[in-house]
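Enquirer: Build me a structure from this.
(2 chains)
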Number of protein chains: 2
Amino acid sequence: MNLPSKYLEQCIHELSKLPGIGVKSASRIAFYLLKVPKTNVDALLTTIAQLKNNMQYCKQCGGISDADICTICSDNERDRTLLCVVEEPEDMLSIEKSGAFNGLYHVLGGVISPLDGVGPEELSINKLVDRCKQGVNEVIIATNPTIEGDATALYIASLLKPTNIKVMRIAHGLPVGSDLEFVDAPTLAKSITGRREM
Amino acid sequence: MNLPSKYLEQCIHELSKLPGIGVKSASRIAFYLLKVPKTNVDALLTTIAQLKNNMQYCKQCGGISDADICTICSDNERDRTLLCVVEEPEDMLSIEKSGAFNGLYHVLGGVISPLDGVGPEELSINKLVDRCKQGVNEVIIATNPTIEGDATALYIASLLKPTNIKVMRIAHGLPVGSDLEFVDAPTLAKSITGRREM
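Expert: Got it, this is the predicted structure:
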């Protein structure tokens, strides 16, 4: 395609590298940026640059943070005896959005995956065990329901077994609003083995 | 939702203002930007800033351009007797992508819409008539198939009628790959009234 401007071409090229953005969406965003006032574009550029330059990992939970300790870890209203273990910092946000959890988090930084050369040493599992010694009563393991996620959950559970801590796994089953007819067999199987008394 | 970082919150807020980007996509993009090397993020920010700061409108066609005259208007291999009239600069790109047109463009900057207070004077219609006097043989009106787009096309056609220039309208009918059963009635009507000999 013959674009009338090399700046436009470069901008569309860079935008289309973003996840979920194809050439068509990128071109739509580029024309939108051309139309809006310069202050709006500056605001966007500034917030991206600030995020990239100032963001760090919380020294306690390993999640995204503005300071050494993130706002969740330093929030005294949260239940410090309850710990939720997640794979990545973005998983923290999903759980926060659900509104069903009021404890602290622990970000592993991935899952055990021998094929990718990721063993327990590459993840912050030792740090999790250390944190569990400091007054934690219950650990909820919220790794993804994949082979690696389940294996990592089992590994962590085995490490914490000798302690008195309750080790829980998030429930797997039918998503809310789904249809029994169209749900896949492994999910349905999980929802039957994991049935609860009403 | 309780976000662990105000930078992340601001960035997601700004990204979600982009067209086609909701809070979920914005959050995905923000985490992607955190993960990729700083040079990639800098490349994105630089191209957006360059686009916004250096972009201008071509003094001839009114499209997007890096210089006074855009690369399409200054391309000597294009047919200068053929002019395609479009509403917005982005429409030029769509037609270029189709690969079916090798003439020059003329961007109106909108359509006649009395309800929005847009009359012929607000659009570059006088300039179009002036350009048509300079050796143009054929004008293809490619405004959108909407009430305003059709009205604008009719208005331009009436202005050019006294000249010897061939005034054409792009064809309306069934999109390629569509299904007669599911196409709307006005489109089907257009495809019948606009039928062509095989």
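
Enquirer: Tell me, how many residues neighbour residue A:112?
Expert: Residue A:112 has 22 neighbouring residues, counting by other C-beta atoms under 10 Å in any protein chain shown. C-betas here are computed from N, CA, C, even on glycine.

Enquirer: Helix or strand: which one has the residue lying closest to it once chain neighbours are set aside?
Expert: Spatial nearest neighbour of residue A:112, chain neighbours left out: residue A:152 (4.6 Å); criterion: C-beta to C-beta, 6 or more residues apart in numbering or on different chains. Using DSSP states H and E, residue A:152 sits in helix A:147-160.

Enquirer: In terms of residue numbering, what are the domains of chain A?
Expert: Listed domain ranges for chain A are A:6-54, A:77-193 (source: automatic domain parsing).

Enquirer: okay, those in CSV with distance to residue B:164 and mean pLDDT next?
Expert: Shown next, in CSV, are the domains of chain A (distance: least, C-beta to C-beta, whole Å; pLDDT from 0 to 100):
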stretch, distance to residue B:164, mean pLDDT
domain A:6-54, 36, 93
domain A:77-193, 63, 91
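
Enquirer: Take the ones you listed and lay them out in JSON lines including distance to residue B:174.
Expert: Converted to JSON lines, these look like this (distance: least, C-beta to C-beta, whole Å):
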{"stretch": "domain A:6-54", "distance to residue B:174": "22"}
{"stretch": "domain A:77-193", "distance to residue B:174": "33"}
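
Enquirer: now, of the ones you listed, which is deepest in the fold?
Expert: domain A:6-54 (a mean of 18; mean count of other C-beta atoms under 10 Å in any protein chain shown).

Enquirer: May I have the distance across that domain, first residue to last?
Expert: 31 Å (C-alpha to C-alpha, to the nearest Å).

Enquirer: Does chain B have contacts with that domain?
Expert: Yes - using C-beta under 8 Å from any C-beta of the partner chain, domain A:6-54 reaches chain B at A:6-8, A:10-11, A:13-15, A:17-21, A:25, A:27-34, A:38, A:40-41, A:43-45, A:47-52, A:54.

Enquirer: where exactly do the helices run in chain A?
Expert: For chain A, the helices defined by DSSP state H occupy A:6-15, A:23-35, A:38-54, A:89-98, A:125-132, A:147-160, A:185-193.

Enquirer: Point out the one among these that comes closest to residue B:141.
Expert: Closest to residue B:141 of these, according to C-beta to C-beta: helix A:23-35, at 21.4 Å.

Enquirer: Using CSV, write out every CA atom in the closest one.
Expert: Below are the C-alpha coordinates for helix A:23-35, written out as CSV (Å, rounded to 0.1, in the frame of the first residue of the first chain):
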residue,chain,number,x,y,z
VAL,A,23,-3.1,-2.9,11.1
LYS,A,24,-6.7,-1.8,10.7
SER,A,25,-7.1,-0.8,14.4
ALA,A,26,-3.7,0.8,14.4
SER,A,27,-4.6,2.9,11.4
ARG,A,28,-7.9,3.9,13.2
ILE,A,29,-5.9,4.9,16.3
ALA,A,30,-3.4,6.9,14.3
PHE,A,31,-6.1,8.9,12.6
TYR,A,32,-7.8,9.4,15.9
LEU,A,33,-4.5,10.8,17.4
LEU,A,34,-4.3,13.1,14.4
LYS,A,35,-7.7,14.5,15.1
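
Enquirer: Need the residues that contact that helix.
Expert: A:8, A:11-13, A:15-16, A:18, A:21, A:41, A:44, B:18-21, B:48, B:51-52, B:55, B:64, B:88-90, B:93 (C-beta atoms under 8 Å, 6 or more residues apart in numbering or on different chains).

Enquirer: and the angle for the helix holding residue A:152 with helix A:125-132?
Expert: Going by axes from the mean of the first three to the mean of the last three C-alpha atoms, to 10 degrees, helix A:147-160 is angled at 50 degrees with respect to helix A:125-132.

Enquirer: just how off-centre is helix A:147-160 within its chain?
Expert: 17 Å (C-alpha atoms, centre = their mean, to the nearest Å).

Enquirer: Show me what it is packed up against.
Expert: Judged by 3 or more C-beta pairs under 8 Å, 6 or more residues apart in numbering or on different chains; DSSP states H and E, the packing partners of helix A:147-160 are helix A:125-132, strand A:138-141, strand A:166-169.

Enquirer: Pull up the pairing partners for the last one, direction included.
Expert: The sheet places strand A:166-169 alongside strand A:138-141 (parallel), with pairing taken from DSSP bridges.

Enquirer: From the rest of the structure, what touches the partner strand?
Expert: A:81-85, A:101, A:103, A:128, A:132, A:152-153, A:156-157, A:160, A:165-170.

Enquirer: With just CA atoms, put stretch A:60-79 into PDB.
Expert: Output in PDB follows, covering the C-alpha atoms of stretch A:60-79 (Å, rounded to 0.1, in the frame of the first residue of the first chain):
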ATOM      1  CA  GLN A  60       7.100  -7.900  49.400                       C
ATOM      2  CA  CYS A  61       4.500  -9.400  46.900                       C
ATOM      3  CA  GLY A  62       6.400  -9.000  43.600                       C
ATOM      4  CA  GLY A  63       3.500  -7.200  42.000                       C
ATOM      5  CA  ILE A  64       3.500  -3.900  40.100                       C
ATOM      6  CA  SER A  65       4.200  -0.900  42.400                       C
ATOM      7  CA  ASP A  66       5.100   2.800  42.400                       C
ATOM      8  CA  ALA A  67       7.200   2.500  45.500                       C
ATOM      9  CA  ASP A  68       9.200  -0.200  47.300                       C
ATOM     10  CA  ILE A  69       6.100  -1.600  48.900                       C
ATOM     11  CA  CYS A  70       2.800  -1.600  46.900                       C
ATOM     12  CA  THR A  71      -0.400   0.000  48.100                       C
ATOM     13  CA  ILE A  72      -2.000  -3.400  48.600                       C
ATOM     14  CA  CYS A  73       0.800  -4.700  50.800                       C
ATOM     15  CA  SER A  74       0.900  -1.500  52.800                       C
ATOM     16  CA  ASP A  75      -2.900  -1.300  53.300                       C
ATOM     17  CA  ASN A  76      -3.500  -2.100  56.900                       C
ATOM     18  CA  GLU A  77      -7.200  -2.800  56.400                       C
ATOM     19  CA  ARG A  78      -6.400  -6.000  54.500                       C
ATOM     20  CA  ASP A  79      -6.300  -9.400  56.100                       C
END
